[in-house]
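> Just a sequence and a predicted model for now, questions to come.
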Amino acid sequence: MERDDLILDHSYSLAANHDEAHGKEMRKMIWKVTAILSIVTIIEVGLGIAVKHGDSVWTLVKFIFLALTLLKAGYIVMEFMHLGQEKKNFRWMLFGPYFIFLS
């Protein structure tokens, strides 16, 4: 009996989504996402180092941490779960409850 999970025909690798131009675009997108997330993380770490726990602005820093964390989470979802290509109303339907419950 022949297994149907083995693909012996290698023509699938020549599909339009597997060309070099598409690979370059994907790598460019991944580097962009990495850079943006790294910058936001560096800002968070810098704030954590600069502001001490007992300072008067510590409450403000906590809200900034929360906002930046939500920004990072939303950006990850938009890019890697492909919600950035969805309609605006659908995105608000998904993200709206988080903003309502957290505020």
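Everything's here; your move.
> Which residue would you name as the spatial centre of the chain?
The centroid of the chain falls nearest to residue 76 when counting by Cα atoms, centre = their mean (1.3 Å).
> so where do the strands sit in the protein?
With DSSP state E, there are no strands along the chain.
> one step back: show me the contacts for the residue nearest to the centre of the chain.
Taking Cβ atoms under 8 Å, 6 or more residues apart in numbering, we find residue 76 in contact with 33, 37. (Each C-beta comes from the backbone N, C-alpha and C, glycine too.)
> 10 Å instead?
Taking Cβ atoms under 10 Å, 6 or more residues apart in numbering, we find residue 76 in contact with 33, 36, 37.
> With residue 64 instead?
For residue 64, the contacting residues are 43, 44, 47, 51, 57, taking Cβ under 10 Å, 6+ apart as the criterion.
> Closest one of those to residue 98?
Residue 98 lies nearest to residue 44 out of the contacts of residue 64, by Cβ to Cβ, at 18.6 Å.
> Grab the nearest non-local neighbour of the closest one.
Distances taken as Cβ to Cβ, 6 or more residues apart in numbering put residue 68 closest to residue 44, at 5.4 Å, once the chain neighbours are dropped.
> wait, what's in contact with the one you found?
When the contact criterion is Cβ under 10 Å, 6+ apart, the partners of residue 68 are 40, 41, 43, 44, 47.
> out of those, which are buried?
When the contacts of residue 68 are checked for burial by 16 or more other Cβ atoms under 10 Å, the buried set is 44, 47.
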